[in-house]
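Whatever this is, show me its structure:
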Amino acid sequence: MKEQSYLVSIITATFNSADFVVDTYHSITSQTYKNWEWIVTDDASTDNTLEILQKLAATDNRIKLQSLKENQGAAAARNNSIKIAKGELIAFIDSDDLWKSSKLNTHIQ
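Coordinates of the predicted model:
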């Protein structure tokens with residue numbers, strides 16, 4: 001299988017990440033490896049994280065957005081995302097992290 005044919009499911013749990021989740025998204029979209037989906041589960045944020053993610057998802061169909069009704073913690077949010085992942089590979093990025101643009105490509109190779 002050619003490397004670019006692997007779908008990578010990028011998993012993120014968010015909670016009150018409004019100040020930095022857009023930077024995380026830009027970090028993902030700057031990847032040299034392009035065959036990915038970003039599955040984000042918001043863990044009942046009380047700020048406008050969910051609204052920001054909804055706007056991003058409306059413009060990028062690679063974003064699969066989930067929302068928990070009550071805060072359950074990062075592990076539950078990640079597990080929720082994993083359940084709907086379609087990728088052959090899974091990568092995790094926290095909602096306040098940034099990746100170098102070659103991160104996915106380097107790990108796949």
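
Worst mean pLDDT across the helices and strands of this structure, which element?
helix 103-108 (a mean of 95; mean pLDDT, DSSP states H and E).

With only the CA atoms kept, save that one in CSV.
Output of helix 103-108 as CSV, limited to C-alpha atoms (Å, rounded to 0.1, in the frame of the first residue of the first chain):
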residue,chain,number,x,y,z
LYS,A,103,5.0,15.0,11.7
LEU,A,104,2.5,12.7,10.0
ASN,A,105,4.7,11.9,7.0
THR,A,106,7.7,11.1,9.3
HIS,A,107,5.7,8.8,11.5
ILE,A,108,4.0,7.0,8.6
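
So for that helix, what gets flagged as buried?
103-104 (16 or more other Cβ atoms under 10 Å). Where C-beta positions appear, they are placed from N, C-alpha and C, glycine not excepted.

Can you name every helix or strand that that helix contacts?
For helix 103-108, the elements it packs on are strand 89-92, judged by 3 or more Cβ pairs under 8 Å, 6 or more residues apart in numbering; DSSP states H and E.

Which other helices and strands does the strand it packs on contact?
Applying 3+ Cβ pairs under 8 Å, 6+ apart, one finds that strand 89-92 contacts strand 8-14, helix 103-108.

In that strand, which residues are buried?
Judged by neighbour count using 16+ other Cβ under 10 Å, the buried positions of strand 89-92 are residue 91.

That strand - what's its average pLDDT?
Averaged over strand 89-92, pLDDT sits at 98.

Kindly report the same for stretch 12-28.
Stretch 12-28 carries an average pLDDT of 98.

what does it contact?
For stretch 12-28, contacts defined as Cβ atoms under 8 Å, 6 or more residues apart in numbering pick out 10, 36, 38-49, 52-53, 56, 63, 71, 74-75, 77-78, 81, 92-99.

Perfect, I'm done here.
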